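**Q** let's see this in three dimensions:
(one chain, ligands or ions: 1)
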Amino acid sequence: MSTMELEAAVGVGQSLDELRQTFRSRRTRSVEWRKAQLRAILKLISDNEDHIFAALQQDLGKHPVETYRDEIGVVVKSANHALSCVEKWMAPKKGQVPLLLFPSKGEVLPEPLGLILIFASWNFPISLALDPVIGAISAGNTVVLKPSELAPACSSFLAKSIPSYLDSKAIKVIEGGPAISEKLLQQKWDKIFFTGGRRVGRIVMSAAAKHLTPVTLELGGKCPVILDSLSDPSDIKVAVKRIAGGKWGPCSGQACIGIDYVLVEDNFASTLIELLKKTIKRFYGENVKNLKNLSRIVNRQHFDRLRNLLEDPKVAASIVHGGSLDENNLIIEPTILLDPPLDAEIMTEEIFGPLLPIITLNNIQESIEFIDSRPKPLVIYAFTKDETFKKQILTETSSGSVVFNDVLIQFLCDSLPFGGVGPSGFGRYHGKYSFDTFSHEKAVLQRSFFPELEARYPPWNDFKMQF
Ligand code: NAD
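**A** Down below sits the predicted model:
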């Protein structure tokens, strides 16, 4: 444990006591407090754009445009949406009461859960930290945010800036790696919201079970693209651009909703590969030592993991584009593989990097069985104009979400729930779904003293049997 982690560990108990006291004081419940914190997040972002650009550059080599799109823009969108809706979300909703209970009134009253623990991941270290915080604050909770230690500049930025802008007795940032995370998990929370991989997801869930703490797990998996044979050349052009942008664009493929592999009919594969190569050249350039607009791999361990996927002797022969590695700068060239063996690790594990396997099928209909026989993904992307095929994808596969004819944009749609199913996670957030995730929906039933139905009480007799 580092000195910083040791200090944080010693202070955990005290910090949590303070947060619980704040929650009990009830000040986080008022709409004024919630709105003030949401405005403070917006101010934190607008005052510190340059710091955020620098931190993302340092941690992941992200271009400022990408940082604006995927980090700053996402947080600003979510905070503004919550600000405009929070009062409506907080209002009690009428519940229909059956005639049997007449006269009475039913209501569903959202109440905050209490003290929330949020684990963020390193690939979008600002937005995936602040987006759930926005939900937890909107719902009137107190929060501990544990940013990822693998994005240290962003983690440190959050730890320094959050106390200067937000209510520091209600929202705290605790930095550190697995040791501090384990210490946090020993505590009693009212909800744990975790973004990360399955291995740690299991650790979180078993720690939560000790205190019967509810959890939301935002995990990953292998997200496929189904590419139907499109007849219009302009549709093909758009599809290829979106696939290339979705694979290599966000954080060099280190994205939970990024494309893992593409399924395509074998007679279309060579066209696809040629078009992807041209698009890669246009988007990112050619020289691996000077690839512009491409984030780097987060650290040596992940770089080596990806290198091993590529250097697997079963896989090497299937590389049809790219494959160069810049070890000093942790850059991996956008790489395309054609039909790597399905039992190789690149096809059994989440890739989470800039390697794109293309899997050929005799008929695109086979993609349904291909996906359905594997663990349920976070999202399925499908480029098709065939309405019957779309229906088949929706009814014969299961995934956190399905997007037709585009990629990644579902993340920006606050009216749709975001989350996985089965091994890609459970629970959902974004917009009102975030508010609900961090709230308890309390059922309230109000009755009058009159009338009184004697038939509901003993002694039982034949007459009462008629009711
Ligand atoms: P990770 O599971 O390694 O780490 C996530 C968090 O867990 C970090 O805050 C980390 O400090 C903490 N942690 C690490 N070891 C721990 C331990 N032993 N005990 C308790 N906590 C521990 O995940 P990652 O590498 O940060 O992210 C990559 C994974 O996250 C991928 O699988 C990706 O698909 C998934 N992901 C999912 C989403 C989503 O929204 N569904 C978003 C981003 C990433």
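**Q** so residue 139 touches residue 113, yeah?
**A** Yes: with contact defined as Cβ atoms under 8 Å, residue 139 reaches residue 113; the gap is 7.3 Å. Placement of C-beta: from N, CA and C, glycine included.
**Q** between those two, which is the more surrounded one?
**A** Between residue 139 and residue 113, residue 139 has the larger neighbour count (other Cβ atoms under 10 Å), namely 27 against 20.
**Q** now the nearest residue to the more buried one once chain neighbours are set aside: how far from residue 134?
**A** Nearest residue to residue 139, sequence neighbours excluded (Cβ to Cβ, 6 or more residues apart in numbering): residue 438, at 3.8 Å. As judged by Cβ to Cβ, to the nearest Å, residue 438 and residue 134 stand 10 Å apart.
**Q** likewise residue 223?
**A** From residue 223 to residue 134 the distance is 25 Å (Cβ to Cβ).
**Q** do residue 156 as well
**A** Applying Cβ to Cβ to residue 156 and residue 134 gives a distance of 21 Å.
**Q** got it, and residue 428?
**A** On the measure of Cβ to Cβ, residue 428 and residue 134 end up 15 Å apart.
**Q** and if you look at residue 302?
**A** Counting by Cβ to Cβ, the gap from residue 302 to residue 134 is 28 Å.
**Q** which one's more surrounded, those two?
**A** Legend: neighbour count by other Cβ under 10 Å for residue 302 and residue 134, higher for residue 134 (29 against 18).
**Q** for residue 137, what are its contacts?
**A** Listed by Cβ atoms under 8 Å, 6 or more residues apart in numbering, the contact set of residue 137 reads 28, 34, 37, 38, 41, 82, 143, 171.
**Q** let's have these in a markdown table, adding neighbour count and pLDDT.
**A** Below are those laid out as a markdown table (neighbours: other Cβ atoms under 10 Å; pLDDT from 0 to 100):
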| residue | neighbour count | pLDDT |
| --- | --- | --- |
| 28 | 25 | 98 |
| 34 | 24 | 98 |
| 37 | 25 | 98 |
| 38 | 23 | 98 |
| 41 | 24 | 98 |
| 82 | 26 | 98 |
| 143 | 26 | 98 |
| 171 | 26 | 98 |
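**Q** redo the residues you listed as JSON lines? Include secondary structure and distance to residue 64.
**A** Shown next, in JSON lines, are the contacts of residue 137 (DSSP: H, G, I helix; E, B strand; the rest coil; distance: Cβ to Cβ, whole Å):
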{"residue": "28", "secondary structure": "helix", "distance to residue 64": "34"}
{"residue": "34", "secondary structure": "helix", "distance to residue 64": "31"}
{"residue": "37", "secondary structure": "helix", "distance to residue 64": "27"}
{"residue": "38", "secondary structure": "helix", "distance to residue 64": "25"}
{"residue": "41", "secondary structure": "helix", "distance to residue 64": "20"}
{"residue": "82", "secondary structure": "helix", "distance to residue 64": "25"}
{"residue": "143", "secondary structure": "strand", "distance to residue 64": "28"}
{"residue": "171", "secondary structure": "strand", "distance to residue 64": "27"}
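**Q** which of those lies closest to residue 442?
**A** Nearest to residue 442 among the contacts of residue 137: residue 28, at 16.6 Å, using Cβ to Cβ.
**Q** what pLDDT does the residue of the stretch 201-350 of the chain at minimum distance from the ligand get?
**A** For the stretch 201-350 of the chain, the nearest residue to the ligand under the criterion Cβ to the nearest ligand atom is residue 220, separated by 1.8 Å. As summarised for this prediction, residue 220 has a pLDDT of 93.
**Q** so residue 213 sits against residue 185, correct?
**A** No: taking contacts as Cβ under 8 Å, residue 213 lies outside contact range of residue 185: 9.4 Å.
**Q** between the two, which contacts overlap?
**A** Common neighbours of residue 213 and residue 185, using Cβ under 8 Å, 6+ apart, are residue 192.
**Q** any regions of the chain where pLDDT drops low?
**A** 1-10, 288-289, 291, 467 (pLDDT under 70).
**Q** for the stretch 201-350 of the chain, which residues are neighbours of the ligand?
**A** Residues of the stretch 201-350 of the chain lying close to the ligand by Cβ under 6 Å from any ligand atom are 203, 218, 219, 220, 256, 350.
**Q** from those, keep the buried residues only.
**A** Buried members of these, counted by 16 or more other Cβ atoms under 10 Å: 218, 219, 220, 256, 350.
**Q** follow-up on the earlier one: could the residues of the stretch 201-350 of the chain next to the ligand be laid out in JSON lines, adding secondary structure?
**A** Output for these, formatted as JSON lines (DSSP: H, G, I helix; E, B strand; the rest coil):
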{"residue": "203", "secondary structure": "helix"}
{"residue": "218", "secondary structure": "strand"}
{"residue": "219", "secondary structure": "coil"}
{"residue": "220", "secondary structure": "coil"}
{"residue": "256", "secondary structure": "coil"}
{"residue": "350", "secondary structure": "coil"}
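**Q** between those, which sits nearest residue 57?
**A** Distances from residue 57 to these, taken by Cβ to Cβ, are shortest for residue 256, at 21.7 Å.
**Q** for that closest one, which non-adjacent residue is closest in space?
**A** Going by Cβ to Cβ, 6+ apart, residue 256 has residue 220 as its nearest residue, at 4.3 Å.
**Q** ok, that neighbour - contacts?
**A** Applying Cβ under 8 Å, 6+ apart, the residues contacting residue 220 are 197, 198, 256, 350, 352, 378, 420, 424, 425.
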